[in-house]
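J.: Have a look; sequence and predicted model below, questions after that.
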Amino acid sequence: MKTLQDLTKTSDDEAVGSTRRPTNPIRRFWSSAVGKKWVMAVSGLALLGFVLVHMVGNLKIFLGAVHLDEYAEWLHTLGEPALPRTVVLWGMRLGLIAAFGLHIVAAAQLTRMNHKARPVRYQSRRDYVAANFASRTMRWTGVIIALFLLFHLADLSWGTTNPDFVRGNTYDNVIASFERVPVAILYILANIALAIHIFHGSWSMFQSLGWNNPRWNPIRRYFAVTFAAVIAVGNISMPLLVVTGVVGK
Ligand code: HEM
């Protein structure tokens, strides 16, 4: 069992093998394992919110071109006329980039800290295997999601990998993209990885925030399973129904 002292041990402590701690409270919070776990949990919560809202908006594809294009245009004009076009959208994008960056950096640094500070052995081989499986899954699904995101932006935001891309024609762009079998398969696989990541992540998020009373475990599990399933079904339904010809131009 790790003590509170172990958990708030800073990476600086580990690097120099001393008990010296940063005096700045923000640096001190960030350099402790507890601080990084909080950053991971809070940024993860923001990313969960984005994924859910993005999916709900995209599901307008089933209502037809007018609805999806109208929604995409509305996102660009949010805040008008008080603010110039796309200012609010760019604010949201910057928040999203910050959450994504913090999530990845905290995850990488926590992994490094865990590797260095592993004097406390797992109680049993089963605990070891379970913990290792979860953290390895998170790492791999995380890498898959990051790579998918790069492709996704190139595909539907910038249009570089989508030969039929026309800026502003969101519905036609999505259909043209998902009609290609390899692309549809890629979206389906990436969204399975995303669902696994969300399942593990939303389960451990509560632990990181300290809400780990065993009494709440059924609710945590219910939340993790439901959230992951909703995202998987919603996001997979789009490429699946387009590639099979149920939805189209
Ligand atoms: C089948 C599911 C999905 C569909 C149909 C879809 C659709 C789209 C479209 C059409 C855009 C371009 C919007 C525009 O520039 O007007 C977009 C952007 C984006 N998507 Fe997705 N998306 C899907 C899944 C995902 C997933 C799983 C993630 C995250 C893991 C994601 C993250 C993003 C991000 C970050 C942007 C850029 C947002 C911006 O620039 O404002 N999308 N998506």
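T.: Yep, it's here. Keep in mind it's a predicted model, so treat the numbers as computed, not measured.
J.: Spell out which parts of the chain neighbour the ligand.
T.: Within the chain, the positions lying close to the ligand (CB under 6 Å from any ligand atom) are 51, 54, 58, 72, 89, 93, 145, 149, 152-153, 156-157, 170, 174, 187, 191, 194, 235, 238-239. Bear in mind the C-beta positions are built from the backbone N, C-alpha and C, glycine included.
J.: For PyMOL, write the select line for the buried members of the residues you listed.
T.: Buried members of the residues of the chain next to the ligand, defined by 16 or more other CB atoms under 10 Å, are picked up in PyMOL with:
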select buried, resi 51+58+72+145+152+156+170+174+187+191+194+235+238+239
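J.: And Ala107, which helix or strand is it part of?
T.: helix 87-116 (DSSP states H and E).
J.: For the residue nearest the centre of the chain, list the residues it contacts.
T.: Central residue of the chain (CA atoms, centre = their mean): Leu47, 4.9 Å from the mean position. Residues counted as contacts of Leu47 (CB atoms under 8 Å, 6 or more residues apart in numbering) are 96, 99-100, 103.
J.: The helix or strand hosting it versus helix 87-116: what angle between them?
T.: Secondary structure assignment for Leu47, by DSSP H and E: helix 33-58. Between helix 33-58 and helix 87-116, the angle comes out at 140 degrees (axes from the mean of the first three to the mean of the last three CA atoms, to 10 degrees).
J.: Next, Gly168: secondary structure please.
T.: Three-state call for Gly168 (DSSP: H, G, I helix; E, B strand; the rest coil): coil.
J.: Could you tell me the phi and psi values at it?
T.: Main-chain dihedrals, Gly168, degrees, to the nearest 10: phi 100, psi -20.
J.: Just the helices from this protein, written as ranges.
T.: Assigned by DSSP state H, the helices in the chain fall at 4-7, 11-16, 25-31, 33-58, 65-77, 87-116, 125-152, 170-178, 181-208, 217-243.
J.: re earlier: name the nearest of the contacts of Leu47 relative to Arg27.
T.: Using CB to CB, His103 comes nearest to Arg27 of the contacts of Leu47, at 19.0 Å.
J.: Any idea how many residues pack against the closest one?
T.: 20 (other CB atoms under 10 Å).
J.: residue contacts, it?
T.: 39-40, 43-44, 47.
J.: What are the buried residues along stretch 241-249?
T.: 241-243, 247.
J.: from those residues, which is closest to the ligand?
T.: Closest approach to the ligand among the buried residues of stretch 241-249 (CB to the nearest ligand atom): Val242, at 9.0 Å.
J.: That closest one and Lys37, how far apart?
T.: 39 Å (CB to CB, to the nearest Å).
J.: again, but for Arg221
T.: 20 Å.
J.: where does this structure have low pLDDT?
T.: Applying pLDDT under 70 to the chain picks out residues 1-20, 118-134.
J.: now with 80?
T.: For the chain, the stretches with pLDDT under 80 are 1-21, 114-135, 212.
J.: Let me know the closest of the contacts of Leu47 to the ligand.
T.: Distances from the ligand to the contacts of Leu47, taken by CB to the nearest ligand atom, are shortest for Leu96, at 6.0 Å.
J.: Any buried residues in stretch 170-181, and which?
T.: 170-180.
J.: Would you convert these into TSV that also reports distance to Ala82?
T.: Formatted as TSV, the buried residues of stretch 170-181 follow (distance: CB to CB, whole Å):
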residue	distance to Ala82
Thr170	25
Tyr171	28
Asp172	31
Asn173	29
Val174	30
Ile175	34
Ala176	35
Ser177	34
Phe178	36
Glu179	39
Arg180	41
